[in-house]
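>>> Kindly generate the corresponding structure for this input.
(chains A and B)
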Amino acid sequence: DAKTTQPTSMDCAEGRAANLPCNHSTISGNEYVYWYRQIHSQGPQYIIHGLKNNETNEMASLIITEDRKSSTLILPHATLRDTAVYYCIVSDASGGSYIPTFGRGTSLIVHP
Amino acid sequence: GAVVSQHPSWVICKSGTSVKIECRSLDFQATTMFWYRQFPKQSLMLMATSNEGSKATYEQGVEKDKFLINHASLTLSTLTVTSAHPEDSSFYICSASDLGEQFFGPGTRLTVL
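Next comes the predicted model:
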């Protein structure tokens, strides 16, 4: 039972920033926000995760609202290879491990 | 990051046969692995949690006698689809946890004729 809501699809021009939103209004205090993506016919790939502070790594940035009820994944300079389904997942990892539960995700198409 | 492999990457079999899919954690030990199934244009659905040295935990609606899971070592879990039928055709994906992060295998495409 996914606890997140994402738009079904989005598109973005190559080289521009792709901003993917996610609503998780029922998130609890010890639940993290994780983002994965799945390129066609491949396994999901971890992108980034955060609890309440904004996070950045070599792939993307994660902006979490102050009330933690929503977040945005930002791909700063989208390329054609970023075309994939992006999944936003909330899960309690305080015990050291968690089980990702996937919703429908957002199908991002990056066009030339 | 940690690497998880699956073998085979794809398999075609006749209806009624059994198919074994392997999931390996290549550079870390995983006491727990997870098996997912993904039908075309759908999301990943968790099938079962594979625990090293003990019985797997199956999600509701997943037949444990049809989808046999064995986690004999800290780096290997196997999923056997017994008496496969065309409706079992799907993309099977495993994942394993390393230091709290989940890493996914590349998936196995099963086609049952």
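>>> And the lowest mean pLDDT element among the helices and strands of chain B?
When each helix and strand of chain B is scored by mean pLDDT, DSSP states H and E, strand B:101-104 comes last, with a mean of 86.
>>> so what strands line up beside that one?
Next to strand B:101-104 in the sheet, as set by DSSP bridges, lie strand B:90-98 (antiparallel).
>>> For the partner strand, list the C-alpha coordinates in PDB.
Once non-C-alpha atoms are left out, strand B:90-98 reads as follows in PDB (Å, rounded to 0.1, in the frame of the first residue of the first chain):
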ATOM      1  CA  SER B  90       6.700 -11.600 -15.600                       C
ATOM      2  CA  PHE B  91       9.900  -9.700 -14.700                       C
ATOM      3  CA  TYR B  92      11.300 -11.000 -11.400                       C
ATOM      4  CA  ILE B  93      13.500  -8.700  -9.400                       C
ATOM      5  CA  CYS B  94      15.400  -9.300  -6.200                       C
ATOM      6  CA  SER B  95      16.900  -6.800  -3.800                       C
ATOM      7  CA  ALA B  96      19.200  -7.000  -0.800                       C
ATOM      8  CA  SER B  97      20.100  -4.700   2.000                       C
ATOM      9  CA  ASP B  98      23.600  -3.500   2.800                       C
END
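>>> average model confidence for it?
Taken as a whole, strand B:90-98 carries a mean pLDDT of 92.
>>> Give the next helix or strand downstream of the least confident helix or strand of chain B.
strand B:108-112 (DSSP states H and E).
>>> and that following strand, how far out from the chain's middle?
Its chain's C-alpha centre and that of strand B:108-112 lie 12 Å apart, by C-alpha atoms, centre = their mean, to the nearest Å.
>>> quick check: angle from that strand to strand B:90-98?
Orientation note: strand B:108-112 sits at an angle of 150 degrees relative to strand B:90-98 (axes from the mean of the first three to the mean of the last three C-alpha atoms, to 10 degrees).
>>> so what does strand B:108-112 touch, helix or strand wise?
strand B:10-13, strand B:19-25, strand B:90-98 (3 or more C-beta pairs under 8 Å, 6 or more residues apart in numbering or on different chains; DSSP states H and E). C-beta: built from backbone N, CA, C; applies to glycine.
>>> please redo it, this time with the cut-off set to 7 Å
strand B:10-13, strand B:90-98 (3 or more C-beta pairs under 7 Å, 6 or more residues apart in numbering or on different chains; DSSP states H and E).
>>> mean confidence for it?
97.
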